[in-house]
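1. give me the fold of what follows.
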Amino acid sequence: MLLKIAGGLLLLLSGTSLGAAAVFFLKGELKKSINRALEGFAAGVMVAASVWSLIIPAIEGGEALGRLAFLPAALGLWLGFAFLMLIERLAARVKKSGTATSKNRMMIFAVTLHNIPEGMAVGVAYAALKTGNRGVTEAAALTLALGIAIQNIPEGAIISMPLRAEGKSRARAFFTGVLSGAVEPIAGGLTVILAGLIAPLMPLFLSFAAGAMLYVVIEELIPECEVCSNCTQEQYFLH
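-> Numbers count the residues shown, from 1 in each chain. Model prediction:
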């Protein structure tokens, strides 16, 4: 079980690493068509995983409440939305100047910060699996990790590519991109370690993770695929 959990969490980092590796074979940013295809696919996987792997198990976990079985799921869902919204607001408050260096630092901060709840979401799925929650399967947890890993690919690229353009070495730009995603498996691992403590509140945590994932889809992935098709990736994250 531990190897499967470790594999799922490291899958998150592999997506960021793959995107950051673009600095070795691309001169410019990822093509918009490729980026939009990745974002759209990731959005579909994450919505499906959020519903089947998180929300439904959360509702089933609240069956003891009878007609109010939906309450923990509904509460956690909105808390997840609110938490991600707060994270985005904190990232937006970082001061921006006209220099490329400061903008790149803002980018690194914003991406790293919002990677934390994404890692926690996967950690919650594996924590539920570890504690024997019948509503969550190994395939479901892996699917959720895969969806997040896919949407991490362009995020890794938007960290490494601007740093390379700024004059940093390819190796340094790559490792900075990788480090921005390292918080995901760390946050996920800590969540799994605390699985025993959060077991009584698992329905709330499952739906919280679902709310966080759906916020990412609605606020970032769908706009990236449609509304901001004419924006660069850097411009999108700095909106």
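2. tell me, how many residues neighbour Pro203?
-> Taking other C-beta atoms under 10 Å as the criterion, the count of residues near Pro203 is 29. For every residue, glycine as well, the C-beta is placed using N, CA and C.
3. any low-confidence regions in the chain?
-> Counting by pLDDT under 70, the chain contains low-confidence residues at 27-31, 35, 38, 91-104, 106-107, 110, 224-239.
4. which stretches in it count as helices?
-> Read by DSSP state H, the chain holds these helices, from start to end of the chain: 2-20, 32-49, 56-61, 70-92, 100-130, 138-165, 170-181, 183-193, 195-198, 202-216, 222-225, 233-237.
5. tell me which of those lies nearest to Leu26.
-> Comparing the helices of the chain against Leu26 with C-beta to C-beta, the closest turns out to be helix 138-165 (7.1 Å).
6. related to what we said a few turns ago, any chance of a markdown table for the helices of the chain, columns distance to Leu26?
-> A markdown table is the format used below for the helices of the chain (distance: least, C-beta to C-beta, whole Å):
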| stretch | distance to Leu26 |
| --- | --- |
| helix 2-20 | 10 |
| helix 32-49 | 10 |
| helix 56-61 | 40 |
| helix 70-92 | 26 |
| helix 100-130 | 17 |
| helix 138-165 | 7 |
| helix 170-181 | 11 |
| helix 183-193 | 23 |
| helix 195-198 | 40 |
| helix 202-216 | 25 |
| helix 222-225 | 18 |
| helix 233-237 | 13 |
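7. just those helices: most buried one?
-> By mean neighbour count, with neighbours taken as mean count of other C-beta atoms under 10 Å, helix 202-216 ranks first of these at a mean of 27.
8. and Pro185, how close does it get to Leu179?
-> Pro185 is 12 Å from Leu179, where distance means C-beta to C-beta, to the nearest Å.
9. grab the most central residue of the protein for me.
-> Glu118 (3.3 Å; C-alpha atoms, centre = their mean).
10. setting aside sequence neighbours, what's the nearest residue to it?
-> Nearest non-adjacent residue to Glu118, counting by C-beta to C-beta, 6 or more residues apart in numbering: Ile148, 5.2 Å away.
11. hang on, the one you found packs against Leu12?
-> Yes - the pair Ile148 and Leu12 qualifies as a contact (C-beta atoms under 8 Å) at a distance of 5.7 Å.
12. need the residues touching each of the two.
-> Common neighbours of Ile148 and Leu12, counting by C-beta atoms under 8 Å, 6 or more residues apart in numbering, are 118, 122, 184.
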